[in-house]
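1. can't give you the sequence, but here's the structure:
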Ligand code: PLP
């Protein structure tokens, strides 16, 4: 019978992409929409990186590469892991994929058997549960409250672990909260994983984006035992403004790397040869453009954090990394607008886009339906204008 896959039908489409698409549609109609939806830097890919891609085409790097990536790129990643993350992953422990999302897909396909549990601290990046389910796993959510800076505690981890636990997803710097796990927190979580024998999937996609006193620490760097249990995932999308190029990568034990490489060889073959050449330049070339982007994000971060906390009915914890502000709207929920009760962040986001021409991401799909996410990967002028609109809405409640 021509019935469709039950597994596929259960996948929710990405609400962040839907909100950015809606904002783009309104903009295309000539509407003056401010979007806080972006999950990507608003800067262009640095010129030296684009140049390297053009060179690659001219040099004929337009054919298949090894499925798990070119040697040149794996060496560049290995060098970066060593210098930046204090991690020793040899090229045979590295798999390059079509973006971080694809790296995560490979990880879960390589480690999960049907029914294995994966602990996902909430709030979480909305793709984790879907990727886990598609690989046959069962997401186990643990709610991390504002009082604990939205970070997982050992007591919570101890309560969530069962004999079916296969992995924990740990995302630092965090999307959507902007929080960063410190060394001691990571050590405690890492030791717990070693003791209870499960994997840590360390998503460090925003590893370059930390501010103020905070530093990014890679959990796998904390001990040999933790290293063996961890699969570290990163990529060039956010750090180098290369979201469209689709290059992500993992560092893991050689066994896991071989499994992922084999899976990928049948599903997608190698990631784009030209993008790989560009990623080599991103990692090996001059880093001043990264520093410039970082300075701009930090300035906007301070501004948006201060400004939102001056508004009525909403507030946020200071973000320490990535480029998002996670805004608590629990006091907006229950208020009336145009004779209707605002039930959750999705209602609020719908009003903001329709009546105030501001796109924000409601975080129901991130596990917190009374919070919204504001991306500050947009100019200060746009941020100022957008926040004025949000404030004029809040003043009506
Ligand atoms: N991990 C997190 C936490 C993200 O926010 C994203 C992108 O939004 C990714 C992974 C995936 O990145 P990529 O665009 O390289 O697939």
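-> Here it is on my side, so go on. What you see is a predicted model; the values in this text were computed from it and never measured. Residues are numbered from 1 along each chain as shown.
2. Residues of this protein that sit close to the ligand?
-> By CB under 6 Å from any ligand atom, the residues of the chain that approach the ligand are 39, 99-101, 125, 171, 175, 203, 205, 235, 237, 243, 248. Using the backbone N, CA and C atoms, a C-beta is placed for each residue, glycine as well.
3. Tell me where the model's unsure across the protein.
-> 15 (pLDDT under 70).
4. one step back: what two of the residues of the chain next to the ligand are the furthest from one another?
-> 171 and 243 (17.1 Å; CB to CB).
5. Just the residues contacting stretch 292-310, thanks.
-> 41, 43, 178, 208-209, 211-212, 241, 314-316, 318-319, 323, 325, 327, 374, 376-377, 380, 383-384, 387 (CB atoms under 8 Å, 6 or more residues apart in numbering).
6. Report the closest residue of the stretch 251-397 of the chain relative to the ligand.
-> Residue nearest to the ligand within the stretch 251-397 of the chain: residue 322 (7.7 Å; CB to the nearest ligand atom).
7. Can you spell out which helices and strands pack onto whichever strand or helix holds residue 49?
-> Taking DSSP states H and E as the criterion, residue 49 maps to helix 47-58. Judged by 3 or more CB pairs under 8 Å, 6 or more residues apart in numbering; DSSP states H and E, the packing partners of helix 47-58 are helix 273-284.
8. ok so, going back, between residue 171 and residue 243, which is the more surrounded one?
-> A count of neighbours by other CB atoms under 10 Å puts residue 171 above the other of residue 171 and residue 243, at 24 against 18.
9. any idea how far the spatially closest residue to the more buried one that is not a sequence neighbour is from residue 136?
-> Distances taken as CB to CB, 6 or more residues apart in numbering place residue 203 nearest to residue 171, at 4.2 Å, with adjacent residues excluded. Residue 203 sits 20 Å away from residue 136, going by CB to CB, to the nearest Å.
10. of these two, who's got more company?
-> Taking other CB under 10 Å, residue 203 and residue 136 do not tie; residue 203 has more neighbours (27 against 14).
11. For the more buried one, list each beta-bridge partner.
-> Applying DSSP bridges to residue 203 gives these bridge partners: residue 171, residue 233.
12. Report the contact partners of it.
-> Residue 203 neighbours (CB under 8 Å, 6+ apart): 100, 104, 125, 169, 170, 171, 172, 233, 234.
13. need the contact list for the residue lying closest to residue 138 once chain neighbours are set aside.
-> Nearest non-adjacent residue to residue 138, counting by CB to CB, 6+ apart: residue 117, 5.0 Å away. Shown in contact with residue 117 (CB under 8 Å, 6+ apart): 137, 138, 139, 140, 162, 164, 165, 166.
14. So the second one versus the ligand, what's the distance?
-> What it means is residue 138. Taking CB to the nearest ligand atom, to the nearest Å as the measure, residue 138 falls 20 Å from the ligand.
15. Please tell me how far that residue sits from residue 314.
-> Applying CB to CB to residue 138 and residue 314 gives a distance of 34 Å.
16. Repeat that for the third one.
-> When distance is defined by CB to CB, residue 139 is 28 Å away from residue 314.
17. contacts for the helix or strand harbouring residue 250?
-> Assigned by DSSP H and E, residue 250 belongs to strand 248-251. With CB under 8 Å, 6+ apart as the test, strand 248-251 has contacts from 69, 77, 81, 87, 89, 93-104, 106-107, 205, 220, 231-237, 257, 260.
18. what distance separates it from the centre of its chain?
-> Strand 248-251 sits 14 Å away from the centroid of its parent chain (CA atoms, centre = their mean, to the nearest Å).
19. ok, it: who's next to it in the sheet?
-> Strand pairing for strand 248-251, determined by DSSP bridges: strand 94-97 (antiparallel), strand 230-235 (antiparallel).
20. quick check: domain ranges of this structure?
-> What the record gives for the chain is the domain set 6-44+289-395, 63-284, from automatic domain parsing.
21. on that earlier part again, the residue of the stretch 251-397 of the chain closest to the ligand and residue 173 touch, don't they?
-> Yes: Residue 322 is within contact range of residue 173, at 4.4 Å (criterion: CB atoms under 8 Å).
22. Give me the common contacts of these two.
-> In contact with both residue 322 and residue 173: 206, 209, using CB under 8 Å, 6+ apart.
23. between the two, which one's more packed in?
-> Neighbours of residue 322 and residue 173, each counted by other CB under 10 Å, are more numerous for residue 322; the result is 31 against 27.
24. ok, that one - contacts?
-> Shown in contact with residue 322 (CB under 8 Å, 6+ apart): 173, 174, 175, 178, 206, 209, 238.
25. Touching, residue 268 and residue 101? I think so.
-> No: Residue 268 is beyond contact range of residue 101, at 11.9 Å (criterion: CB under 8 Å).
26. So between the two, which is more surrounded?
-> Higher neighbour count among residue 268 and residue 101: residue 101, with 18 against 15, using other CB under 10 Å.
27. What segments of the stretch 251-397 of the chain are helices?
-> Under the criterion DSSP state H, counting those that start in this stretch, the stretch 251-397 of the chain contains helices at 254-267, 273-284, 288-309, 345-356, 380-395.
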